[in-house]
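Engineer: no sequence on this one, just coordinates:
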């Protein structure tokens, strides 16, 4: 029920943190991996090491998701490739109060976190729909449900990911392609290091989480495996919070 042997998974934002955990978990389940990131090394990356340790094939592609031309060119290449699992994990965040939030930052976040996701998904799904099988998983956010502070572009983009997940599920599930999303809670990664090292912010966050701890990338990876494996064959259009109970408070 959790075997991906013989399948190829494309994971964006795959260089470190959550994306790296996704890569390792999918490879451990038997999938060959195409890892995509703006700065991933063509050889010698940590992602390559963990995939090859599981005896799976690995391919790295450096694509800047803020560059529409680069995204479109990459998407055109993928139309001829067999991709069984697509994990849309790449993302960025820009912080500035909404009143003076620069439009350039707004545009960049929307391009990376939403627009590029659709361009890539449309291209990969073309082959999935023809074959009658595929698994697509987006990385949403707690801010798909909450507004956040000083991150209007991120909140808008991640809310858009929820709508996109449901819209694509409605169109494609009857053709064998399921579309779901994971909404991470507060996860211990490089991006949250400053929060975890701030005693007051760290305490406020942990006190709000019923499980009483920060999440780990592998907490998300186990949820991803479920949504990409045969075990989830009747699950589609779902946005699954993996947040230690945060949203239940």
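Structural biologist: Sure, I can see it. Bear in mind the structure is a predicted one, so any value in this text is a computation, not a measurement.
Engineer: what segments of the chain are strands?
Structural biologist: In the chain, the strands defined using DSSP state E lie at 8-12, 32-37, 58-62, 85-88, 134-139, 177-184, 239-242.
Engineer: figure out which of those strands is closest to residue 74.
Structural biologist: Residue 74 lies closest to strand 58-62 among those, at 6.8 Å (Cβ to Cβ). Placement of C-beta: from N, CA and C, glycine included.
Engineer: before we move on, back to that, could I get the strands of the chain as TSV with mean neighbour count and mean pLDDT?
Structural biologist: As requested, these are exported to TSV (neighbours: other Cβ atoms under 10 Å; pLDDT from 0 to 100):
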stretch	mean neighbour count	mean pLDDT
strand 8-12	26	98
strand 32-37	25	97
strand 58-62	17	96
strand 85-88	28	98
strand 134-139	26	98
strand 177-184	24	98
strand 239-242	18	98
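Engineer: same for the longest helix seen in the chain, what does it pack against?
Structural biologist: As assigned by DSSP state H, the longest helix anywhere in the chain is helix 152-172. In terms of contacts (3 or more Cβ pairs under 8 Å, 6 or more residues apart in numbering; DSSP states H and E), helix 152-172 is packed against helix 103-110, helix 116-131, strand 134-139, strand 177-184.
Engineer: can you tell which of the ones you listed is closest to residue 96?
Structural biologist: Residue 96 sits nearest to helix 103-110 of all the helices and strands packed on helix 152-172, at 6.2 Å, using Cβ to Cβ.
Engineer: between that closest one and helix 116-131, how many degrees?
Structural biologist: Here helix 103-110 runs at an angle of 20 degrees relative to helix 116-131 (axes from the mean of the first three to the mean of the last three Cα atoms, to 10 degrees).
Engineer: returning to what we had before: and the longest helix of the chain, which residues are buried?
Structural biologist: Using 16 or more other Cβ atoms under 10 Å as the test for burial, helix 152-172 gives 152-162, 164-166, 168-169, 172.
Engineer: before we move on, what about stretch 43-54?
Structural biologist: In stretch 43-54, the ones that count as buried by 16+ other Cβ under 10 Å are 45, 46, 47, 48, 50, 51, 54.
Engineer: elements contacting the least confident helix or strand in the chain by mean pLDDT?
Structural biologist: Sorting the helices and strands of the chain by mean pLDDT, DSSP states H and E puts helix 193-197 at the bottom, at a mean of 86. Applying 3+ Cβ pairs under 8 Å, 6+ apart, one finds that helix 193-197 contacts helix 199-208.
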